[in-house]
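> Provided below are the primary sequence and the corresponding predicted coordinates.
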Amino acid sequence: MFRAHWWAAVATVARLVGDLEAAEDGVQDACATALGQWPAEGVPGNPRAWLISVARHKATDRLRRDSRRGAKEAAAVRDGAGWHSTVRDSAGPASPALDWVSRADDELGLILACCHPALDPAVRVPLTLRTVCGLATAAIAAAFLVPEPTMAQRLVRAKRKIRDAGIPLRVPPPAELPGRTGGVLRVIYLVFTAGHKPASGDTLVRGDLCEQAIRLARALAGLLPGDPEVTGLLALLLLTDARRDARVSDTGDLVLLADQDRSRWDRAKIADGEARLGQALRLGRPGRYQLQAAIAACHSCAGSAADTDWREIAALYGQLLRYEPTPVVAANRAAAVAMAEGPAAGLALLDQVSADRQLARWPQLHIARAELLSRLGRVADAVSAYRTALELAPAAPERAFIASRIEELSR
């Protein structure tokens, strides 16, 4: 229940009190209070509203005790009173700020706030993943291919920046949205990635994060219907998530794309995603999310793995490198080239990008190399690559897959 309501409560309290750190502390205190009260008194009918109400009071008390934040305390009390009266009398008029917030949920509002231009661009996404999504610092570090202590220091510095600079945690007016869109898209994309490919843990897919990311993408598309990249991102998430149920076997094991039962793909999501992609492409302003959606569409349109147009996918990855020249994109292009032109061609490209120190921490790189080495008959090298992937502690289903492949190759 706390997982279901955590980030919504933090987002709402942050908007109400104007202080992210106080909001997080307030929600933590409220959760602790709930653990003490709910077993004896029962779970309230609206647990989220209960957590928000208690957390708001605790956050306001924290600000009141801090004499250095007198102005913030006054603003929090004013906003809190206005919010509370709106809750008591839902038929009453809301303030212009609340009316704007009502156009998108508070989680989207907090993401927009965490993408404030005053914050270091390198920390906006990690900060949002930690604060809004509640992801563990270790998971965020794995997503960014950096050591956990490094990521922890970045998050601490970001919160101090918000506190010391007095950065307002508010949804910006519509005129300011275009300047924040790129950062928000990146956040939503990585929220989905964290759900679709967890860096650690016992599950291969966290459906709650996937669904939250899709919901946020829909909300953003509603706010900016003429932005092709916003629509392209929504298309990408829908097309990718359509394969979710087929990615894991009934026993919880990883199923590679080529081996998936395509009858288990969600055809309604595929149709929605393809329609969104077409809508975005007709605007004539291509971008990274539209290209990734086009790659996903190549898979969803293929009746079988053998029918997949790998040359088209490799070409699309080549175009994507113009917008996102990263080692990860290069590695994915190498895998596509391997399918289109043979494992030797793909391995040559993978070996070029594997020298990147950050990419060396990505288990999927070593899994991809192992698969190509195996296809080339280099069994010992393939087993070595699989063992390297294991050492990087991927999610439990991927560990099971790697172990089974090592066993197969060692026979």
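In hand now; what should we look at?
> For the strand or helix carrying residue 340, name the packing helices and strands.
Assigned by DSSP states H and E, residue 340 belongs to helix 327-341. Helix 327-341 sits against helix 310-323, helix 343-353, helix 363-375, with contacts defined as 3 or more C-beta pairs under 8 Å, 6 or more residues apart in numbering; DSSP states H and E. No exception for glycine: its C-beta is placed from N, CA and C like everyone else's.
> which residues does the residue lying closest to residue 12 once chain neighbours are set aside contact?
Using C-beta to C-beta, 6 or more residues apart in numbering and skipping the chain neighbours, the partner closest in space to residue 12 is residue 106 (4.5 Å). Residues in contact with residue 106, defined by C-beta atoms under 8 Å, 6 or more residues apart in numbering, are 8, 11-12, 15.
> and these as TSV, adding distance to residue 293?
Shown next, in TSV, are the contacts of residue 106 (distance: C-beta to C-beta, whole Å):
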residue	distance to residue 293
8	28
11	27
12	31
15	31
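> Next step: those residues restricted to helices.
When the contacts of residue 106 are checked against helices (DSSP state H), the matches are 8, 11-12, 15.
> tell me the most buried of the helices and strands packed on helix 327-341?
Here the criterion is mean neighbour count by mean count of other C-beta atoms under 10 Å, and of the helices and strands packed on helix 327-341 the winner is helix 363-375, at a mean of 22.
> Not counting its own residues, what contacts that helix?
When contacts are defined by C-beta under 8 Å, 6+ apart, helix 363-375 is touched by residues 331, 334-335, 338, 343, 346-347, 350-351, 353-354, 359, 379, 381-383, 385-386, 388-389, 392-394, 398, 402, 405, 409.
> Likewise for stretch 129-141?
Applying C-beta under 8 Å, 6+ apart, the external contacts of stretch 129-141 come out as 3, 6-7, 10-11, 14, 20, 24, 107, 110-111, 114, 126, 143, 147-148, 150-152, 155, 187, 190-191, 194, 198-201, 209, 212.
> My guess is residue 358 contacts residue 145. True?
Yes: contact between residue 358 and residue 145 holds when scored by C-beta atoms under 8 Å: they sit 4.1 Å apart.
> Using a markdown table, lay out the helices and strands packed on helix 327-341 together with mean pLDDT and distance to residue 58.
Below are these laid out as a markdown table (pLDDT from 0 to 100; distance: least, C-beta to C-beta, whole Å):
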| stretch | mean pLDDT | distance to residue 58 |
| --- | --- | --- |
| helix 310-323 | 96 | 44 |
| helix 343-353 | 92 | 48 |
| helix 363-375 | 92 | 40 |
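> Which one of these lies nearest to residue 48?
helix 363-375 (35.8 Å; C-beta to C-beta).
> Just want the angle from whichever helix or strand comes after that closest one to helix 343-353.
Going down the chain from helix 363-375, the next helix or strand is helix 379-391, by DSSP H and E. Helix 379-391 and helix 343-353 are oriented at 40 degrees to each other (axes from the mean of the first three to the mean of the last three C-alpha atoms, to 10 degrees).
> and helix 379-391, what does it pack onto?
Applying 3+ C-beta pairs under 8 Å, 6+ apart, one finds that helix 379-391 contacts helix 363-375, helix 396-410.
> rewinding a little: can you flag the buried ones in the contacts of helix 363-375?
In terms of neighbour count (16 or more other C-beta atoms under 10 Å), the buried residues within the contacts of helix 363-375 are 331, 334-335, 338, 343, 346-347, 350, 353-354, 359, 381-383, 385-386, 388-389, 392, 394, 398, 402, 405.
> What ranges in the stretch 151-300 of the chain fall below the confidence cut-off?
The model of the stretch 151-300 of the chain has pLDDT under 70 over residues 168-171, 197-204.
> quick one on the thing from earlier: want to throw the helices and strands packed on helix 327-341 into CSV with distance to residue 62?
As requested, these are exported to CSV (distance: least, C-beta to C-beta, whole Å):
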stretch, distance to residue 62
helix 310-323, 43
helix 343-353, 47
helix 363-375, 41
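> out of those helices, nearest to residue 245?
When the helices and strands packed on helix 327-341 are compared by C-beta to C-beta, helix 363-375 sits nearest residue 245, at 20.8 Å.
> And the next helix or strand past the longest helix seen in the chain?
Secondary structure of the chain read by DSSP H shows that its longest helix is helix 20-41. Using DSSP H and E, the helix or strand that follows helix 20-41 in sequence is helix 47-65.
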